[in-house]
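Chemist: Next input, structure requested:
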Amino acid sequence: MADRNMRYARRSKVAGVCLALLVATGLFTPGTATISDPQEPVRSFYGVLLGTMRDGRTLGESGRYARLAPAVDRTFDIPTMTRLAIGPAWGTLSPAQQQQLLAAFAHYIAATYADRFDSYSGEELQVTGERPNGTEVMVQTKIAKSNGEATRLDYLMRQDQGSWRISDVYLDGTISQLAVHRSEFHSILQREGVDGLVTALNRKVDLLQSVARSS
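Modeler: Okay, here's the model as predicted:
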């Protein structure tokens, strides 16, 4: 019994030393399990999105938006996305202007999903894999309709305070939505300034909602 206890003590000591070395070399950090799977936030978001689609007719545009907005805030890195979409002009804006744009952009993303995914007709939202992209990860997904048609959406994931969050969306795996926004936003900023861009984003949301109400 004494010999077995001594062997157990030696194994525990070795395990403790190994763990200390892993922490020291950065191979293990507390909370690693919470950030190890970049696919999980996309799966979670798709779960909310699918449920919203199934209840879409009952919820209406405002109800779908109300359900999706918190999921967008949790899943999308709105500050990074807004800053990249604005480009170099971001650094010249006041904190109040930056907050205006952050709120308007988050509102626009949630409203866009609420409009485009308004009902359910047997669609499947599938996470199909991932691939490294420098320090980030590209999570690959497919939206399959019941008739066999499929749309590819890839999500660029970056770590933000211990969590993976979406920092860009790629249509067909190639078309960066941030690049599209950057082009649009730049021309509006040049013509109308920050207030004009906030108004334009809100106008797009109002247009999405009016189209949804009339359909």
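Chemist: where do the strands sit along this protein?
Modeler: 124-133, 136-144, 150-160, 163-171, 175-176 (DSSP state E).
Chemist: Now tabulate those strands in TSV and tack on mean pLDDT, distance to A111 and mean neighbour count.
Modeler: All C-beta atoms are positioned from the backbone trio N, CA, C, and that covers glycine. Output for the strands of the chain, formatted as TSV (pLDDT from 0 to 100; distance: least, C-beta to C-beta, whole Å; neighbours: other C-beta atoms under 10 Å):
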stretch	mean pLDDT	distance to A111	mean neighbour count
strand 124-133	96	19	13
strand 136-144	97	18	18
strand 150-160	95	17	18
strand 163-171	97	15	20
strand 175-176	96	20	13
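Chemist: Against E124, how distant is the nearest residue to Y108 once chain neighbours are set aside?
Modeler: Spatially, and ignoring its direct neighbours in sequence, Y108 is nearest to L201 (4.9 Å; C-beta to C-beta, 6 or more residues apart in numbering). Going from L201 to E124 by C-beta to C-beta, to the nearest Å gives 31 Å.
Chemist: Name the single longest helix found in this structure.
Modeler: helix 177-214 (DSSP state H).
Chemist: Just the buried positions in that helix, please.
Modeler: 177-178, 181, 185-186, 188-189, 194, 197-198, 200-201, 204-205, 208-209, 212 (16 or more other C-beta atoms under 10 Å).
Chemist: just stretch 36-50 next, same as before
Modeler: 38-42, 45-46, 48-49.
Chemist: how many neighbours does P79 have?
Modeler: 15 (other C-beta atoms under 10 Å).
Chemist: quick one, what contacts it?
Modeler: Taking C-beta atoms under 8 Å, 6 or more residues apart in numbering, we find P79 in contact with L102.
Chemist: OK, contacts around L189?
Modeler: Counting by C-beta under 8 Å, 6+ apart, the residues that L189 touches are 86, 89, 196-197.
Chemist: now do T151
Modeler: Neighbours of T151 in contact, by C-beta under 8 Å, 6+ apart: 142-143, 171-172.
Chemist: before we move on, back to that, can you tell me which of the buried residues of stretch 36-50 is nearest S119?
Modeler: L49 (12.0 Å; C-beta to C-beta).
Chemist: now that closest one, nearest residue through space, not along the chain?
Modeler: Here the residue nearest L49, using C-beta to C-beta, 6+ apart, is F117, at 5.6 Å.
Chemist: Ramachandran angles for that neighbour?
Modeler: phi -110, psi 70 (degrees, to the nearest 10).
Chemist: begin at 172 from here
Modeler: With 172 as the first residue, the last one maps to F288.
Chemist: Quick check, it in contact with V219.
Modeler: No: taking C-beta atoms under 8 Å as the definition, F288 is not a contact partner of V219, at 10.3 Å.
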